[in-house]
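A.B. asks: prediction below, plus the sequence it came from.
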Amino acid sequence: MPPETNATMHTMAAQAWRVTRQQLGVLLALILLIVIAHFVSDRFLTIPNLLNVVRQVAIVGILAIGQTYVILTAGIDLSVGSILGLAVVLFAGLLESHSIAVAVPLGLLAGILIGIINGIGVAYARIPAFIMTLGTLSFARGLAFIYTGGTPIPIINEDYYYVGNGYLLGMPIPSLILISTLIAGAIVLRMTPFGRCVYGIGSNEDAARLSGVPVQRYKIFVYAISGGCAALAGLVYSSQLGVGTPIAGQAYELDSIAAVVVGGTALFGGKGSVFGTFIGTLIIGVLANVLNLAGVDPFVQQLFKGGLIIIAVFIMSRNRS
Amino acid sequence: MTANAQVLLEARGISKSFDGNTVLKDADLVVRAGEIHAVVGENGAGKSTLIKILAGVYQPNQGVLLVTGDERRLHSPRDALDCGIVVIHQEFSLSPHLSAEENICLGHFPVTAIGTVDRREMRRRTLRLLERLAVNVDPAQAVGDLSVAQQQMVEIAKALSFDARVLILDEPTAVLDHDRVRTLFGVLDRLRTQGLGIVYISHHLDEVFEIADRVTVLRDGERTGQAAVSEIDHDWIVNRMIGRAFPVHHKHVRSSGKIALRLDQFSQAGVFEDISLTVREGEIVGLAGLVGARRSEIAQAIIGLTRPTGGALQVFGERVTVTNPRAAAGLGIAYVTEDRKARGLFLNRPVSENLTMANLARFFRFPFLRRAAERRFVSDMIRALDVRLASVSAEMRTLSGGNQQKCLIGAALAVEPRILILDEPTRGVDIGAKQEIYRLVERLTSDGLAILLISSEMEEILRLSDRVVVLREGRVTATLGREEASEAKIMKAAAFARGNRAA
């Protein structure tokens, strides 16, 4: 029956669009927020301010993309803030005596390594992700303190500083790094067998195993990706500030989880997208920005952010049922 | 059973529709005290909607509910409970870490003068309830440590503790083996004599004839028949359920294919011992036995989910060691799990992804998945399996049990297996889907697939198998050819210990 086949083909072709429709609510929320922001402060919709926003969200945005992978497998990565901190001091320390070409790959590798340790703990030792990454949260932060002896390491490197503060094609470089990570993250998730299996593992791990998905190996990949993203965020962080401080990124894991959740990815796995996470990051970033512009007390800002997270999850859980 | 016994619950002219789809049309049901009333129908016939209306989960668009003659509106399950209507679902609502007595008294604990739980009174109440059921359950034992059958009894006792007058059981035997079904029927019979009204939902017509006094048949949301069980027969029900007759079809093509799978004294210490059997191409070998015969365990060892500790596994004449399901798929062995929801399907993912998850490599050309090829495969598979759905992008959980089961088999076929292990392939699906699955399985064998069929349904084993291997407690107790296999012989080998047990 050709008509039915056609219908099948069409609906599957429409699938990419359908997922975007799922995220449409999140996107609408962002647009609404932008409109409100415009009325709150006429400085909001100016080029310098918008560039400022996209630069500010770059660090959490990159962390959140890695976090999305982990949460899609129904895991969680609490260690990303500490991995960021460890990477920051490694970049700074290595740049004292080495070139960028040496320091950057080694710093990134350190992040990936901690991620692999997380993955081994979760996949093979079957330690709950929450506990395993809570352990490495402490462990990586400890390494950062030991490495620096507790004092920040200044970075004196023009080129490195440019990465965090320069512009390319009229865009702040950190934002370009975020967008590249987003595109790469989305392509891998949507178009490769590995990405498909990430959803499968999160949706039903037993079924994935019975389907022949190499569940353990892929879980390690997922935590390695998250660790790598955290180190990349550390690169942006240290190059923006020009200093490697061991306290960098404290509590950022919570911001990354907030961005993922606001972006519509389910904490029980198998549902969500990095695009949603990107929008979620922007919502949180725009909210912070407009509250700043309106001169809202930073302490009060915390209340807004907390309220936003709860409302976002509330709306999503209602949509689901 | 008397026609003029007190009417405890009556549903009159109930209609219900969702988004314009009518799922119940003018349905009636009368539940009398001291009567077991079976409700049968295919999946999608409206049984579960009717139950949910009786339980206060849904409100009908039309029609009324009468509780002991008075019209009542049930706005919530709590309202239903207050009217003495309790539903026992297939998935129990028990807390595994609490003891049996705590579960039974949860929500209405007896308290002492100072407000703490009165444990002695709790024990007394629990024992009284269990005694009413005449079952043996340790009140102090954590529910998670009880067998499924015992948990079911705790669930029933809990219902009684709320002074249930109408007990609605949704497929209560689906989780039970043969012996436990006997025990359950004993309990239901006892409750019937105590004056409860029982609504019994089932796929198994044999059970209806065994335990029920009255039967209501639903088809496409309408009541197509209602009668005293003593006045009707199997055909009466089947005709009203399906409105079409199934030709009883037996294949008679004897296999002469190569030996595809051979187990030779295949063992796993403490689980199963000395399992020897062969499955040829184009042949179906049935693995029969009661729950606890370790049939699924053997399947899981074959596909490398667990490790055998002895014996040999041969695939097309070659001795192999399978370390994981992926390796099994590489050897051409696919396994269809008995538990499609927990271990088989990706319920919150699209149907299409479910069908291709096991063999993404087929659609992969570096670096990306080829969506067009995947789409073609999915639409071909949907057609071959005759899965009925609105869209392949629909989440798997939105499909009916029968369609889910077809998809589960389809996902296994995606790896193009030469050996297929089916574990309870028609569990929890309606009669229509069951027949379709049988035809599918028979079609697969005519394509040369070797099939190992694990089933607890005698009818299924007898209908499909070329040979039947019967297991009991991890050992082969009989191997029967198609002609010699009979229900009596299989039951005997499955249920009774014989003299040849190893010392």
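C.D. replies: Structure received.
A.B. asks: quick one, helices of the stretch 1-150 of chain B?
C.D. replies: All helices of the stretch 1-150 of chain B, identified by DSSP state H, counting those that start in this stretch, fall at B:47-54, B:77-82, B:100-105, B:119-133, B:148-161.
A.B. asks: just send those back as a markdown table, with mean neighbour count, mean pLDDT and distance to chain A too.
C.D. replies: C-beta: built from backbone N, CA, C; applies to glycine. Listed next are the helices of the stretch 1-150 of chain B as a markdown table, based on neighbours: other Cβ atoms under 10 Å in any protein chain shown; pLDDT from 0 to 100; distance: least, Cβ to the nearest Cβ, whole Å:
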| stretch | mean neighbour count | mean pLDDT | distance to chain A |
| --- | --- | --- | --- |
| helix B:47-54 | 22 | 90 | 15 |
| helix B:77-82 | 17 | 91 | 16 |
| helix B:100-105 | 25 | 94 | 25 |
| helix B:119-133 | 17 | 94 | 34 |
| helix B:148-161 | 22 | 92 | 19 |
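A.B. asks: any weak-confidence spans in the stretch 101-250 of chain B?
C.D. replies: Per-residue confidence for the stretch 101-250 of chain B (pLDDT under 70) gives these ranges: B:243-250.
A.B. asks: one step back: of the helices of the stretch 1-150 of chain B, give the one that comes closest to residue A:60.
C.D. replies: helix B:77-82 (43.1 Å; Cβ to Cβ).
A.B. asks: packing partners for that closest one?
C.D. replies: Counting contacts by 3 or more Cβ pairs under 8 Å, 6 or more residues apart in numbering or on different chains; DSSP states H and E, the secondary-structure elements packed against helix B:77-82 are strand B:85-88.
A.B. asks: adjacent strands (with direction) for the strand it packs on?
C.D. replies: Next to strand B:85-88 in the sheet, as set by DSSP bridges, lie strand B:166-170 (parallel).
A.B. asks: before we move on, the earlier item: I'd like the helices of the stretch 1-150 of chain B as CSV, with distance to residue A:38 appended.
C.D. replies: As requested, the helices of the stretch 1-150 of chain B are exported to CSV (distance: least, Cβ to Cβ, whole Å):
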stretch, distance to residue A:38
helix B:47-54, 48
helix B:77-82, 48
helix B:100-105, 56
helix B:119-133, 63
helix B:148-161, 58
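A.B. asks: domain map for chain B?
C.D. replies: Partitioning chain B according to automatic domain parsing yields domains covering residues B:7-242, B:246-332+B:417-503, B:342-414.
A.B. asks: point out the most buried one among the ones you listed.
C.D. replies: Of these, the one with the most neighbours on average (mean count of other Cβ atoms under 10 Å in any protein chain shown) is domain B:342-414, at a mean of 20.
A.B. asks: show the end-to-end separation of that domain, please.
C.D. replies: In domain B:342-414, first residue to last residue: 20 Å (Cα to Cα, to the nearest Å).
A.B. asks: that older thread, how about a markdown table for the domains of chain B, with distance to residue A:109 added?
C.D. replies: As requested, the domains of chain B are exported to a markdown table (distance: least, Cβ to Cβ, whole Å):
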| stretch | distance to residue A:109 |
| --- | --- |
| domain B:7-242 | 44 |
| domain B:246-332+B:417-503 | 29 |
| domain B:342-414 | 23 |
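A.B. asks: lowest-scoring secondary structure element of chain A by mean pLDDT?
C.D. replies: helix A:2-13 (a mean of 48; mean pLDDT, DSSP states H and E).
A.B. asks: isn't there a strand covering residue A:267?
C.D. replies: No. Remark: residue A:267 does not belong to a strand; assigned using DSSP: H, G, I helix; E, B strand; the rest coil, it is coil.
A.B. asks: residue B:199 is nearest to which of the helices of the stretch 1-150 of chain B?
C.D. replies: Go through the helices of the stretch 1-150 of chain B one by one with Cβ to Cβ and the one that ends up closest to residue B:199 is helix B:47-54, at 7.3 Å.
A.B. asks: what separates residue B:416 from chain A, distance-wise?
C.D. replies: If you measure residue B:416 against chain A using Cβ to the nearest Cβ, to the nearest Å, the figure is 13 Å.
A.B. asks: and what of residue B:419?
C.D. replies: Using Cβ to the nearest Cβ, residue B:419 is found at 15 Å from chain A.
A.B. asks: residues touching that residue, list them.
C.D. replies: The contact partners of residue B:419, by Cβ atoms under 8 Å, 6 or more residues apart in numbering or on different chains, come to B:260, B:261, B:279, B:315, B:332, B:333, B:334, B:449, B:450, B:451, B:452.
A.B. asks: can I get these in JSON lines with pLDDT?
C.D. replies: Conversion of the contacts of residue B:419 to JSON lines gives the following (pLDDT from 0 to 100):
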{"residue": "B:260", "pLDDT": "95"}
{"residue": "B:261", "pLDDT": "96"}
{"residue": "B:279", "pLDDT": "96"}
{"residue": "B:315", "pLDDT": "96"}
{"residue": "B:332", "pLDDT": "96"}
{"residue": "B:333", "pLDDT": "97"}
{"residue": "B:334", "pLDDT": "96"}
{"residue": "B:449", "pLDDT": "94"}
{"residue": "B:450", "pLDDT": "96"}
{"residue": "B:451", "pLDDT": "96"}
{"residue": "B:452", "pLDDT": "97"}
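A.B. asks: among those, which are in strands?
C.D. replies: In this view, the contacts of residue B:419 that belong to strands under DSSP state E are B:260, B:261, B:279, B:315, B:333, B:334, B:450, B:451, B:452.
A.B. asks: and of these, the nearest to chain A?
C.D. replies: Set against chain A, the nearest of the ones in strands among the contacts of residue B:419 by Cβ to the nearest Cβ is residue B:334 (9.2 Å).
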